[in-house]
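# This is a predicted model, with the sequence first.
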Number of protein chains: 2
Amino acid sequence: MMGERIQADYLIETAFDPHMAAEVMAGEQSSGTFVKVPGETPELKARSAATVDDLTVLETVDEPSLPGARRPDDAPIRRARVSLSWPLANLGPSLPNLMTTVAGNLFELGQFSGLRLLDMRLPDAFAERYAGPRFGIDGTRRLTGVTDGPVIGTIIKPSVGFDATQTASLVKELAEAGIDFIKDDELQADGPACPFEDRVRAVMAIINAHADRTGKRVMFAFNLTGEMDEMKHRHDLVRDSGGTCVMASLNSVGLTAFIELARMSELPVHAHRNGWGALSRHPQLGWSYVAWQKFWRLAGADHMHVNGLDNKFCEPNDSVIEAARTCLRPMFDDKPCLAMPVFSSGQSAIQPPETYRQLGSADLIYAAGGGIMGHPDGPAAGMESLRQSWRAAMAGVPLAEHAAKHPSLAKALEAYG
Amino acid sequence: MMGERIQADYLIETAFDPHMAAEVMAGEQSSGTFVKVPGETPELKARSAATVDDLTVLETVDEPSLPGARRPDDAPIRRARVSLSWPLANLGPSLPNLMTTVAGNLFELGQFSGLRLLDMRLPDAFAERYAGPRFGIDGTRRLTGVTDGPVIGTIIKPSVGFDATQTASLVKELAEAGIDFIKDDELQADGPACPFEDRVRAVMAIINAHADRTGKRVMFAFNLTGEMDEMKHRHDLVRDSGGTCVMASLNSVGLTAFIELARMSELPVHAHRNGWGALSRHPQLGWSYVAWQKFWRLAGADHMHVNGLDNKFCEPNDSVIEAARTCLRPMFDDKPCLAMPVFSSGQSAIQPPETYRQLGSADLIYAAGGGIMGHPDGPAAGMESLRQSWRAAMAGVPLAEHAAKHPSLAKALEAYG
């Protein structure tokens, strides 16, 4: 283990010599500080220093992307792509300490008017230490009974405001319409107006009865986001009530608690990324999804949110597709850790053909809120329109042609197009 | 509780009518979605909707600060300050779910080319549910024996690379020089080259022997960042070894695990903010420190990092001072939750007078790495120079005048000035 290294790639922007600036990053994140200290011997540096392994200078820009960076004598501001590496022995295979190492005290360094973590590669010791998704694509297909094509899902809407009984009656309507997957909105966890326990009992009574009658068990991702003991208790309640999925908000729960939750969970863990925009929206700052999702997949996220094409957010379509692709790309040779990408946000029957064409896979959860609940003929028609759209997409049949024979799809194209 | 509301303030930037854009935020983060859904009745909205309580339009800007926002017909891009509020009954007094509510799926909304959380105000139910700092200023002063003036501290440098024995011998040197506080670097937790247990045993042997001999117990913040069971085990080891402080990296550990750690901790919790830059560095995106630190203080952070004047990072001095002030400002009438601000980053004997003048308080930890270890006459002189500088600052004596009688200070002013 002692010889292995952790590698991370960054996009930087600096008015200093990019090689020198990269050396500052490497120093700050390993054995260096702003002045020479007595203990930093050549032997210690050889053993512990991060190194600059690769650097490609990119374009020059007129103005700094972020304020506060130092700029000597109106020097040109250049962007570069840089790869650093660290000895694994500095930290050991610990995900929380990996986060401090690759994404800690460096976004604010005075040499940089831009710094974004793009990707990272980890030694196998991480694969040995962490379980990764224990259900993933196969487990989700097995539990939902969806053998091919996407798992079609929806989100309880209104996001917040229904009590347990109202939630359950919406679940009944959706189950009867044949839905595969339903999730709580991330805003609904255990508010006094809709307590978690009441919701689980009311919803699972419907799902269990529907499964007994039809053989199909709708997967409901109950949002158990909360404190550690609450999450454990809520997980057990879902499991004991016949539920097949739990959901957590990654940025609200945080990495250490998520590792603990995923490790003890006997159900697939549906990972919601709300708050992600703060970490990623400026293209010269923060995190790429490619780097970020590796933490959560390795920790055990079975389903990862990736937004959707033509979403109501700011993310461009190529970024959405790259996010979904990265969830389906193996992390280690012997441990792929594939997570099922979850498409959502402004999704309706419009987007499936382009989604399928660009991703080249239907190993995904396709979730629509308004795209189901807001269908002119109601939720059942909304759900049906999504399935019809995906069927057309996978068969290579143009939507308009398919819609001619399928009125729910036709109405959806009219309503959302 | 049902009538109480959570309030949050944002800086927004939008090419839409700011009032309309604020209504979109409020809808997204409560009962709304992108199309009207059947369940969103007027009664439900009255019960559950977030409301726009206040809005002040600010300047117009030429270019959007963040890419991807929609802009109808070259409409002017305006900034505004907006306050939203939510019924507490939507979520209950839960810090993780509060994070999803006030800082979840809104940074990416298509209407905004800028969105930053500035502050928030919480109903007393949060103060009843969460402990807040259980040691804070008084507890830290009691445990360190520093009755007035700042707690003078340092960081083990090199950040990473020393083994347990080397760390302990540096601690011996610093303890003999009279230091009050030492912390692990955030990069040093439990790497194979310096295992946590070995470090605690080696360091505490020195600290205990020094305390037995002199009556002064140096506070050492051991960085226990890791998984849940590791952190509990490490806390117990520190406590049982006579240690008086533990440290965690907030962004690496996350909120739920930090709540659990602080709740079980019998020692002050030193909260490191590495990774903070990704959340805050762009002035139109993410989080202000004022809002962010409220989560961690309420969860139980006793010491909060605030950077330092003339630091090696990009943060301007007025932002540093505002961060320190906010840690010393009461959160609730009956539960102030004051945390001790920790000044660090490029600190030396140079900055104390201005720090004291601007903050108006010495209830703080003043930590220098290179500013102590890199002193021309070694760590003991570095430490002494800091104490001398603070003594001058608090007495209103100009540094140069004080340095005339104190050679360590004089040499520090020369080396770092």
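Thanks, I have the structure now.

# Quick one: residues contacting residue A:118.
A:8-11, A:81, A:288, A:290-291 (CB atoms under 8 Å, 6 or more residues apart in numbering or on different chains). The way it works is simple: take the backbone N, C-alpha and C, and place the C-beta from them, glycine included.

# For whatever residue of chain A ends up closest to chain B, grab phi and psi.
Closest residue of chain A to chain B, CB to the nearest CB: residue A:254 (0.9 Å). When read as degrees, to the nearest 10, the backbone of residue A:254 gives phi 90, psi 170.

# For the closest residue to it other than its chain neighbours, give me the pLDDT.
Nearest non-adjacent residue to residue A:254, counting by CB to CB, 6 or more residues apart in numbering or on different chains: residue B:254, 0.9 Å away. Looking at residue B:254, its pLDDT is 98.

# Residue B:254 reaches residue A:258, doesn't it?
Yes - between residue B:254 and residue A:258 a contact is recorded at 7.0 Å, counting by CB atoms under 8 Å.

# tally of neighbours for residue A:362?
17 (other CB atoms under 10 Å in any protein chain shown).

# With residue A:373 instead?
Using other CB under 10 Å: residue A:373 sits among 26 other residues.

# Do any residues in the least confident helix or strand in chain A by mean pLDDT lie close to chain B?
Within chain A, no helix or strand scores below helix A:370-373, which has a mean of 86 by mean pLDDT, DSSP states H and E. Yes - with CB under 8 Å from any CB of the partner chain as the measure, helix A:370-373 is seen reaching chain B through A:370-371, A:373.

# on that earlier part again, roughly how far does the residue nearest to residue A:254 sit from residue A:248?
From residue B:254 across to residue A:248, the span is 11 Å (CB to CB, to the nearest Å).

# before we move on, back to that, show me which residues of the helix or strand that comes right after the least confident helix or strand of chain A are buried.
For helix A:370-373, the succeeding helix or strand toward the C-terminus, using DSSP states H and E, is helix A:379-395. Buried residues in helix A:379-395, counted by 16 or more other CB atoms under 10 Å in any protein chain shown: A:379-390, A:392-393.

# With pLDDT and distance to residue B:30 as added columns, please give those in a markdown table.
Shown next, in a markdown table, are the buried residues of helix A:379-395 (pLDDT from 0 to 100; distance: CB to CB, whole Å):
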| residue | pLDDT | distance to residue B:30 |
| --- | --- | --- |
| A:379 | 84 | 21 |
| A:380 | 86 | 26 |
| A:381 | 93 | 26 |
| A:382 | 93 | 22 |
| A:383 | 91 | 25 |
| A:384 | 93 | 29 |
| A:385 | 96 | 27 |
| A:386 | 96 | 25 |
| A:387 | 94 | 30 |
| A:388 | 96 | 32 |
| A:389 | 97 | 29 |
| A:390 | 97 | 31 |
| A:392 | 97 | 35 |
| A:393 | 98 | 33 |
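
# What sits closest to residue A:45 if chain neighbours are left out?
residue A:31 (5.7 Å).

# Report the rounded mean pLDDT for the strand or helix carrying residue A:102.
Using DSSP H and E, residue A:102 falls within helix A:95-103. When pLDDT is averaged over helix A:95-103, the result is 98.

# what's the answer for stretch A:353-362, then?
In this model, stretch A:353-362 has a mean pLDDT of 97.

# Could you do stretch A:176-184 as well?
Per-residue pLDDT values across stretch A:176-184 average out to 94.

# Would it count as contacting chain B?
No - shown here: stretch A:176-184 not in contact with chain B (CB under 8 Å from any CB), separated by at least 11.2 Å.

# Just give the nearest non-adjacent residue to residue A:195, would you?
Using CB to CB, 6+ apart, the nearest residue to residue A:195 is residue A:164, at 7.0 Å.

# Apologies, that question was intended for residue A:99.
residue B:252 (4.2 Å).

# Am I right that that neighbour is in contact with residue B:275?
Yes - taking CB under 8 Å as the definition, residue B:252 is a contact partner of residue B:275 at 6.8 Å.

# So for those two, which residue has more residues nearby?
In terms of neighbours (other CB under 10 Å), residue B:252 is the more surrounded of residue B:252 and residue B:275; the figures are 29 against 25.

# helix or strand right after whichever strand or helix holds the more buried one?
Under the criterion of DSSP H and E, residue B:252 resides in helix B:250-253. Later in the chain than helix B:250-253, the nearest helix or strand by DSSP H and E is helix B:255-264.

# Let me see the ranges of the strands in chain A.
Along chain A, counting by DSSP state E, strands occupy A:5-14, A:51-61, A:77-87, A:112-121, A:151-155, A:181-183, A:219-223, A:245-249, A:269-272, A:285-287, A:303-305, A:340-343, A:365-368.

# Identify the residues contacting residue A:411.
A:375-377, A:381, A:385.

# Pull the contacting residues for residue A:320.
By CB under 8 Å, 6+ apart, the contact list for residue A:320 reads A:306-309, A:311, A:343.

# right, I mislabeled it, should have said residue A:111
With contact set as CB under 8 Å, 6+ apart, residue A:111 has these partners: A:14-16, A:20-21, A:24-25, A:69-70.

# before we move on, the earlier item: any shared contact partners between residue B:254 and residue A:248?
residue A:258.

# quick one, which of those two is more surrounded?
The residue with more neighbours, out of residue B:254 and residue A:248, is residue A:248; 32 against 25, by other CB under 10 Å.

# isn't the more buried one right up against residue A:224?
Yes - between residue A:248 and residue A:224 there is a contact under CB under 8 Å: 6.3 Å.

# related to what we said a few turns ago, mind listing the shared neighbours of residue B:252 and residue B:275?
Applying CB under 8 Å, 6+ apart, one finds that residue B:252 and residue B:275 are jointly contacted by A:99-100, A:104.

# what about residue A:140, distance to residue A:150?
Residue A:140 sits 11 Å away from residue A:150, taking CB to CB as the criterion.

# got it, and residue A:286?
Counting by CB to CB, the separation of residue A:286 from residue A:150 is 30 Å.

# quick one: low-confidence parts of the stretch 301-417 of chain A?
Across the stretch 301-417 of chain A, nothing is flagged by pLDDT under 70.

# Show me what from it comes close to chain B.
When proximity is defined by CB under 8 Å from any CB, the stretch 301-417 of chain A lies next to chain B at A:311-316, A:346, A:369-371, A:373-374, A:378-379.

# do the stretch 101-250 of chain A as well
Counting by CB under 8 Å from any CB, the stretch 101-250 of chain A comes close to chain B at A:101, A:103-110, A:112, A:115, A:157-162, A:166, A:170, A:186-187, A:189-193, A:225-229, A:231, A:249.

# thinking again about what came up before, what is the nearest of the contacts of residue A:118 to residue A:175?
Of all the contacts of residue A:118, residue A:290 has the smallest distance to residue A:175: 36.0 Å, by CB to CB.

# Now do the same contact list for the closest one.
Residue A:290 neighbours (CB under 8 Å, 6+ apart): A:118-119, A:322-323, A:326.

# got it, and residue A:5?
Shown in contact with residue A:5 (CB under 8 Å, 6+ apart): A:85-88, A:123.

# Could you check how far it is from residue A:369?
Going from residue A:5 to residue A:369 by CB to CB gives 44 Å.

# give the contact list for the residue nearest to residue A:335 when sequence neighbours are not counted.
Nearest residue to residue A:335, sequence neighbours excluded (CB to CB, 6+ apart): residue A:127, at 4.4 Å. Residue A:127 is in contact with A:298, A:331-332, A:334-335, A:337, counting by CB under 8 Å, 6+ apart.
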